[in-house]
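> Fold the following and give me the result.
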Amino acid sequence: MEKLFDVLIIGGGPIGLACGVEAQKQGLDYLILEKGALTNSIYNYPVNMTFFSTSDRLEMAGIPFMSIGNKPTRTEALEYYRRIYFYFKLKVNLYEAVQTLENKGDFFQVSTSKGIYRSKKIVLATGFYDLPNLMNVPGEELPKVLHYYKEPWPFIAQKVLVVGGANSAVDAALETWRKGAEVSMVLLEDEVDENVKYWVRPDIMNRIKEGSIKAFTRSRVKEIKPNEVTISTPEGDVTIDNDWVLAMTGYKPNFALLNQLGVELSLDEKRQPCYDQANQESNVPGVYLAGVVCGGLNTREFFIENSLVHAESIMKDIANKLKS
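Numbers count the residues shown, from 1 in each chain. Model (predicted):
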């Protein structure tokens, strides 16, 4: 007979790790399954990224998060969560992707790239950084189109088109421009997002105003070719020379896993999963949601700092239900 865990946690990001810490506190037999590296999403952030939150807001389990500046960097966050992992000796299987989730009635069966597991409860803490929102335009499959940006060095002396107006797009545009790229941006609105980090927004606005970075406002990418891009603008189509397209168009949760378990989604544009805010349990008994996945397509509602509380709520509820 295969082992039956009390709870399997899908996702080894900060919220998944927090769930592991709380599971240990409640004496639950748990396992965290992560398809990539520890805190894989943070690892895939831009190398020079700075968090919007201060380090104290990202702390968990009473372990201080020390950073040189007021707002921690990607590297400092990776180091902090590495320390959490080793300090609590968390049970995490890395580089093990979940493929299917099945509700067997008395338990859940989880099939991964490496094995099959059974569990009484499931926690989905899968974040949203793994599935980019596609532009769905001809040429998007070309190798010069990137949905993730790491660092500016490959784009020196290149013609770069940045698609999007949120934080990731602005960071990519400014960094590549400062390293010698010829940068243009495609914005859906009249200017970059008003929620762009307040210490960065004036910088990009000034670069656009002075013409250092060309911005096509109220525009969309129409077609991508190996050496050029056609943009639909209010004045008509414009074709520009191009070497790289950085499609910073945002990301979405893994709805496939939710669908496999029968988690209901709202019918509006948010596609928000159904769950009880008191204990994070979804409409499917025994299936819990933690972190950004709770917001559906509204990926700006939940962050690390306001999702850490999910872990305690979930594990207390699971422990109480398993005792009853």
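> Which residue ranges of the stretch 101-250 of the chain form strands?
108-112, 116-124, 131-132, 145-146, 159-163, 182-186, 214-216, 220-225, 228-233, 236-241, 244-247 (DSSP state E, counting those that start in this stretch).
> and those strands as a markdown table, adding distance to Glu79?
Glycine gets a C-beta too; all of them are placed from N, C-alpha and C. Shown next, in a markdown table, are the strands of the stretch 101-250 of the chain (distance: least, CB to CB, whole Å):
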| stretch | distance to Glu79 |
| --- | --- |
| strand 108-112 | 27 |
| strand 116-124 | 25 |
| strand 131-132 | 27 |
| strand 145-146 | 26 |
| strand 159-163 | 29 |
| strand 182-186 | 31 |
| strand 214-216 | 36 |
| strand 220-225 | 37 |
| strand 228-233 | 38 |
| strand 236-241 | 41 |
| strand 244-247 | 27 |
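> Those strands: lowest mean pLDDT?
Across the strands of the stretch 101-250 of the chain, strand 131-132 has the smallest mean pLDDT, namely a mean of 87.
> how distant is it from the center of its chain?
Per CA atoms, centre = their mean, to the nearest Å, the displacement of strand 131-132 from the mean C-alpha position of its chain is 9 Å.
> What distance do you get for Val192 to Thr217?
Taking CB to CB, to the nearest Å as the criterion, Val192 is separated from Thr217 by 10 Å.
> what does stretch 132-139 rub up against?
140, 145, 147-148, 163, 220-225, 229, 247, 249-252 (CB atoms under 8 Å, 6 or more residues apart in numbering).
> Quick check: PyMOL command selecting the buried ones in these.
In PyMOL, a selection of the buried entries from those looks like this (16 or more other CB atoms under 10 Å):
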select buried, resi 145+147+163+221+222+224+229+247+249+250+251+252
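> that older thread, so Val192 and Thr217 - more neighbours on which side?
Val192 (23 against 16; other CB atoms under 10 Å).
> and the residue nearest to the more buried one when sequence neighbours are not counted, how many neighbours?
Once flanking residues are discounted, Val192 sits nearest to Gly165: 4.1 Å by CB to CB, 6 or more residues apart in numbering. Number of residues near Gly165 (other CB under 10 Å) recorded here: 25.
> Model confidence for Gly165, exactly?
96.
> Report the separation between it and Cys274.
Taking CB to CB, one finds Gly165 at 31 Å from Cys274.
> ranges for the helices of the chain?
Using DSSP state H, the helices of the chain run over residues 14-25, 40-43, 74-87, 167-178, 201-209, 255-261, 304-323.
> what's the distance between the spatially most central residue of the chain and Ile42?
Compute the mean C-alpha point of the chain, and by CA atoms, centre = their mean the closest residue is Tyr129, 2.7 Å away. As for Tyr129, its distance to Ile42 is 9 Å (criterion: CB to CB).
> cool, Phe255 as well?
From Phe255 to Ile42 the distance is 22 Å (CB to CB).
> And those two? Which one has more around it.
Ile42 (21 against 17).
> That one contacts Leu78, doesn't it?
Yes: using CB atoms under 8 Å, Ile42 is in contact with Leu78, at 5.9 Å.
> residues contacting Trp244?
144-146, 154-155, 158-161.
> For beta bridges, what are the partners of it?
Applying DSSP bridges to Trp244 gives these bridge partners: Val160.
> how far away is it from Lys150?
Applying CB to CB to Trp244 and Lys150 gives a distance of 13 Å.
> now swap in Leu78 and tell me
Separation of Leu78 from Lys150 (CB to CB): 14 Å.
> rewinding a little: format the contacts of Trp244 as TSV; extra columns: distance to Lys270.
Below are the contacts of Trp244 laid out as TSV (distance: CB to CB, whole Å):
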residue	distance to Lys270
Lys144	32
Val145	27
Leu146	27
Pro154	35
Phe155	34
Gln158	37
Lys159	36
Val160	32
Leu161	29
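> Filter those down to the buried ones, ChimeraX style.
In ChimeraX, this line selects whichever of the contacts of Trp244 come out buried by 16+ other CB under 10 Å:
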select :144,145,146,155,158,159,160,161
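> Among the contacts of Trp244, which one sits closest to Lys35?
Leu146 (20.3 Å; CB to CB).
> got the contact list for the residue lying closest to that closest one once chain neighbours are set aside?
Nearest in space to Leu146, with sequence neighbours left out and distances taken as CB to CB, 6+ apart, is Leu246 at 5.5 Å. Residues in contact with Leu246 (CB under 8 Å, 6+ apart) are 146, 149, 160-163, 169, 172, 176.
> can we see that at 10 Å?
By CB atoms under 10 Å, 6 or more residues apart in numbering, the contact set of Leu246 is 144-149, 155, 160-164, 168-169, 172-173, 176, 181, 183, 185.
> Thanks a lot, see you next time.
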